[in-house]
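Build me a model from this:
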Amino acid sequence: MSSRKTVKEYDEKDEGIFIRYFLITFLLTLVAIAILGFAINIGIREREGWLKLAEGLKKPSQLVSPTRGNIYSDDDRIMATSTPRYYMYIDFKAEGFALDSFRNGKYNNVDSLAYYLSGKLKDRTPGGYKTYLLKGLKSKTRYYPVYAGTISYADLKEIKTFPFFRFHRNRCGFYANEIILRQKPFGMLASRTIGDIENKADSNGLTEGRIGLELRYDSLLRGVPGLNSPQRYGEQWRDNIEIEPTDGMDIRSTININIQDLVEKALTDKLKELDADVGTAMVMEVKTGEIKAITNMERVGPGRYAETVNHAMADEIEPGSTFKVASMMVAIEDGVTEPGTPVDVGNGIYMYANRRMTDHNSNHGGYGMITAEKAIWYSSNIGVAKIILNGYEHNPKKFVDGLRRIGMDTNLKVEIPGAGKPKLRWPTDRYWSKTSLPWMSFGYEVRMPPIQTLTFFNAIANNGKMVRPMLVKDIMKNNKVVKHIEPEVLIPKICSERTLDIIRDMLYNVVNYKDPTPAHRDGTGKPARSDVLTIAGKTGTAQIASGGVYKTAGHNVSFCGYFPSENPLYTCLVVITRPRVGLPSGGLMCGTVVKEIAEKIYAHSMVIDMKKMPDDSLKIPYPNVKNGDYEALKNVMDGLKIKADVTTKINSKYVTARENDGKVTLKDLPLTGNLVPNVVGMGAKDAVYALENCGLRVSLSGRGRVVSQSVKNGAQVVSGQTVTLTLKE
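I've put the predicted structure just below:
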């Protein structure tokens, strides 16, 4: 019976558990259904309302502008960098604007704020600022400018501590908008080559390059914008960066600040002297093609010049007589002439195809019979034209093909957008005439930017190897080189070694030839002759055409050369347009500038091996040795490798030193505690120490070593007594 009861009790217990389990499951199911219902209701019926509420806690996503990359000089000095600047505003409709404090506060009021702003910004008086700020309060605008200009971040931090502005933004309404400005720490140096950026950011919040390297390398410099979604936390908005911006890469240019500075000064001084319209100067490193300096100065007012256009790269001009070198190179290479080939230039006037050709000395009777090399030395239009006519009059295409062969129309792949291109006239051209060949031979009826002339002369200096002009040599990220740009060879050899030697000899004599005859017909580049280093090059003078007429538009004068001529390191070109003072002369006007540039570069880069320098006639074997502390004296003498002759054992702290026949003899200088020591011959430091160590006071007169002491050595020491020491060099 008890067994059945037990079974029944178990059945009842199981039934109770089942009922409770069922009820719990049922309730949980109802809760799940309710949650699902609420979710469906929120997700479908109330979706728009909740989304609007969420939007109220989140501002629209904003682009985060990256920092534009820097442009450096060849020695890592910043030539262009991005700097944050700030416009300041007051939101007079801010939610918690402290109106009572602004108007009537004891400390943080409009009077105090106006006083501080006036002292900092200095564009209004305190009274003027108060009137201005109260006018803004009356306008109730959210964008009332505090200051018309921009300020730095350091100034912004300071202004945030001013009265009233030190409140929270909601109370004071003060806020600032950041803009990024491009700054050039070296001002106008190579400004047109470095370039500029647009004043406004594009639709992606990025700054865009406008000219120069800023435009050419814009895709690397500008970076990639990030994304910010500000969210509200309580009463404050906080930035929520979803995508970090990627800052732009840096570029290291080939420009050398020191060379650029001296080139710009030398050119500008000459332009002012000549009252010229435009001047261009470039310096190229021979082996690499790196442009170390490039300046383009244009007259913007009486005696004032500034960079406005990159004439060195963009201008397509008739090069004039510097082109004669190319003509002579083609003629020698084709076997048309030799350096000693005679050519009769007569009285400096030559008629060809009913057109008058003249030499620059035609008013002095011309050069008469000269040689081909002297046609270059003297820059004779007639001499070069006759040589070219003799070889190519019946086959002008061969001459133009020769010019192409030596690189006169080679694509230089210049890194500056908008660079000009060389234009050689062809016999099949519409405007080719019978006079085209001779006039081309001395630099007319061809057009090319100055950089093309510089590159050709650099190839002559570089043993015939034409390299591409370089303005950038490294792409960097976080101060590490990502890509190094190697020099690019455009033409391995523009001519044979023999022709090259002849041409280089001609260019040397353009500058350095001294005529031994009474005529004294030195080369036209004589003004570029230097006593410091040898310069080789060629002068150029070309009339500027205007409407097909050459006589009224002025001249381009030029000089292109390299230095030192025996082992060229740099090639330099100077072009000056429309000089108003003096007779147009490539040698006198431009050669002198190249000379100044060359000598200053040489002075800056000169390294002297002191070990190879001859001894000065006043040289002494070692400095004067003074009496004094033995250990200190011994250390100095050991360091200078001066041998000491010690006749007796040194037992005391001090010694005497005597110089005789190149030897220094040291002797013991014992000191007795109660007797005044002998300090004559010591330096001031040792003498003072020795005397004060005995309880004496010291007064010094003069400098050098001690020559006398007021209290004789060996006298009894009187504690506190003053000893006057006289010192002489």
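
Show me what the helix or strand in which Asp269 is found is packed against.
Assigned by DSSP states H and E, Asp269 falls within helix 257-274. In terms of contacts (3 or more CB pairs under 8 Å, 6 or more residues apart in numbering; DSSP states H and E), helix 257-274 is packed against strand 278-285, strand 291-301, strand 304-306, strand 570-577, helix 592-605. Placement of C-beta: from N, CA and C, glycine included.

Next one: Ala148 from Tyr132, what distance?
Distance of Ala148 to Tyr132, given as CB to CB, to the nearest Å: 11 Å.

Same check on Leu117?
Leu117 is 9 Å from Tyr132, by CB to CB.

Glu214 too?
In terms of CB to CB, Glu214 sits 37 Å off from Tyr132.

quick one: which of the two has more around it?
Glu214 (26 against 16; other CB atoms under 10 Å).

Confirm that one sits in a helix?
Yes: counting by DSSP: H, G, I helix; E, B strand; the rest coil, Glu214 is found in a helix.

which ones are touching it?
By CB atoms under 8 Å, 6 or more residues apart in numbering, the contact list for Glu214 reads Ile71, Ala80, Arg182, Ile194, Gly195, Asp196, Ile197, Leu221.

Out of the residues you listed, grab the one that's most surrounded.
Leu221 (30 neighbours).

Check which residues of the helix holding Asp269 are buried.
257-264, 266-268, 270-272, 274 (16 or more other CB atoms under 10 Å).

Show me how far it is from its chain's centre.
16 Å (CA atoms, centre = their mean, to the nearest Å).

Now do that helix against helix 592-605, angle only.
150 degrees (axes from the mean of the first three to the mean of the last three CA atoms, to 10 degrees).

residues of whatever helix or strand Lys473 lives in that come out buried?
Taking DSSP H and E as the definition, Lys473 sits inside strand 472-477. Neighbour-count burial for strand 472-477 flags Val472, Lys473, Asp474, Ile475, Met476 (criterion: 16+ other CB under 10 Å).

chain center to the next helix or strand after that strand: distance?
For strand 472-477, the following helix or strand on the C-terminal side (DSSP H and E) is strand 480-484. Strand 480-484 sits 18 Å away from the centroid of its parent chain (CA atoms, centre = their mean).

now swap in stretch 211-220 and tell me
16 Å.

now do stretch 432-452
Counting by CA atoms, centre = their mean, stretch 432-452 comes out at 35 Å from the chain centroid.

For it, measure first residue to last.
23 Å (CA to CA, to the nearest Å).

and that stretch, which residues are buried?
432, 435-452.

and what of stretch 495-511?
Cys495, Thr499, Leu500, Ile502, Ile503, Arg504, Met506, Leu507, Tyr508, Asn509, Val510, Val511.

Now do that stretch: everything it contacts.
325, 328-329, 332-333, 339, 373, 376-377, 379, 406, 460, 463-464, 494, 523-526, 528-529, 534-539, 561, 565, 591.

out of those, which are buried?
325, 328-329, 332-333, 339, 373, 376-377, 379, 406, 460, 464, 494, 523-526, 528-529, 534-539, 561, 565, 591.

and Arg405, what is it in contact with?
Here Arg405 is in contact with Val330, Glu333, Ile494 (CB under 8 Å, 6+ apart).

Without its sequence neighbours, what residue ends up closest to Val263?
Counting by CB to CB, 6 or more residues apart in numbering, Ala293 is the residue found nearest to Val263 once chain neighbours are left out, at 4.1 Å.

Give me the number of neighbouring residues for the one you found.
For Ala293, using other CB under 10 Å, the count is 27.

Report the separation between it and Ile78.
17 Å.

Any idea how many residues pack against the nearest residue to Val711 once chain neighbours are set aside?
The shortest distance from Val711 to any non-neighbouring residue, by CB to CB, 6+ apart, is to Val723 (4.7 Å). Residues near Val723, counting by other CB under 10 Å, number 23.

Surely the residue nearest to Val263 touches Leu267?
No: between Ala293 and Leu267 there is no contact under CB atoms under 8 Å: 9.6 Å.

Count the neighbours of Glu207 for me.
Careful, residue 207 is Thr and not Glu. Considering only other CB under 10 Å, Thr207 is surrounded by 26 other residues.

Tell me the spacing between it and Leu227.
For Thr207, the distance to Leu227 - CB to CB - is 18 Å.

what residues are up against Thr571?
Val283, Met284, Val286, Leu454, Phe457, Asn458, Ala461, Cys560, Gly561, Tyr562.

Tell me how far it lies from Gly289.
Distance from Thr571 to Gly289, by CB to CB: 9 Å.

Name the strands paired with the strand holding Lys473 and say parallel or antiparallel.
strand 250-253 (antiparallel), strand 480-484 (antiparallel) (DSSP bridges).

if you compare those, which one is most tucked away?
strand 250-253 (a mean of 24; mean count of other CB atoms under 10 Å).

Residues touching that strand, excluding its own?
So strand 250-253 is contacted by 69-74, 76, 79, 194, 213, 217, 220-221, 471-477, 479, 481 (CB under 8 Å, 6+ apart).

chain center to it: distance?
Worked out by CA atoms, centre = their mean, strand 250-253 lies 10 Å from the chain centre.

pLDDT averaged over it - what is it?
Averaging the model's pLDDT scores along strand 250-253 yields 94.

follow-up on the earlier one: which positions are bridged to the residue nearest to Val711 in the beta structure?
Bridge pairing for Val723 - DSSP bridges - gives Val698.

so it makes contact with Leu700?
No: look at Val723 against Leu700 with CB under 8 Å: they stay out of range, at 10.0 Å.

joint contacts of Leu117 and Tyr132?
Contacts common to Leu117 and Tyr132, judged by CB under 8 Å, 6+ apart, are Arg124.

picking up where we left off before, any idea of the angle the helix holding Asp269 forms with strand 291-301?
Using the same axes, to 10 degrees: helix 257-274 against strand 291-301 is 30 degrees.

Show the average pLDDT along helix 257-274.
Helix 257-274 comes out at a mean pLDDT of 95.

and the angle from that helix to strand 570-577?
Going by the same axes, to 10 degrees, helix 257-274 makes 30 degrees with strand 570-577.

Need the contact partners of helix 257-274.
Outside helix 257-274, the residues touching it (CB under 8 Å, 6+ apart) are 73, 75, 77, 79, 186, 188-190, 276, 279-283, 292-295, 297, 299, 303, 305, 574, 576, 579-582, 589-590, 592-593, 596-597, 600-601, 604.

Over to stretch 471-486?
72, 74, 193, 213, 217, 220, 249-255, 290-291, 294, 414-416, 470.

make it 7 Å
Stretch 471-486 is contacted from outside by 193, 213, 217, 220, 249-254, 290-291, 415, 470, using CB atoms under 7 Å, 6 or more residues apart in numbering.

from these, which single one is nearest Ala154?
Relative to Ala154, the closest of these is Asp250; by CB to CB it sits at 23.8 Å.

Dihedrals phi and psi, Ser379?
phi 60, psi 60 (degrees, to the nearest 10).

And it, how far from Asp531?
23 Å.

Kindly provide the distance from the nearest residue to Asp277 once chain neighbours are set aside to Asp522.
Closest residue to Asp277 apart from its sequence neighbours, by CB to CB, 6+ apart: Arg578 at 4.1 Å. From Arg578 across to Asp522, the span is 27 Å (CB to CB).

mind listing what's buried in the lengthiest strand in the chain?
For the chain, the strand that runs over the most residues, judged by DSSP state E, is strand 78-90. In terms of neighbour count (16+ other CB under 10 Å), strand 78-90 has its buried residues at Met79, Ala80, Thr81, Ser82, Arg85, Tyr86, Tyr87, Met88, Tyr89, Ile90.

can you check stretch 293-304 too?
Neighbour-count burial for stretch 293-304 [16+ other CB under 10 Å]: Ala293, Ile294, Thr295, Asn296, Met297, Glu298, Arg299.

Format the contacts of Thr571 as CSV; extra columns: pLDDT and distance to Lys712.
Shown next, in CSV, are these (pLDDT from 0 to 100; distance: CB to CB, whole Å):
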residue, pLDDT, distance to Lys712
Val283, 97, 70
Met284, 97, 74
Val286, 97, 73
Leu454, 97, 79
Phe457, 98, 79
Asn458, 97, 78
Ala461, 97, 75
Cys560, 97, 78
Gly561, 97, 74
Tyr562, 97, 73
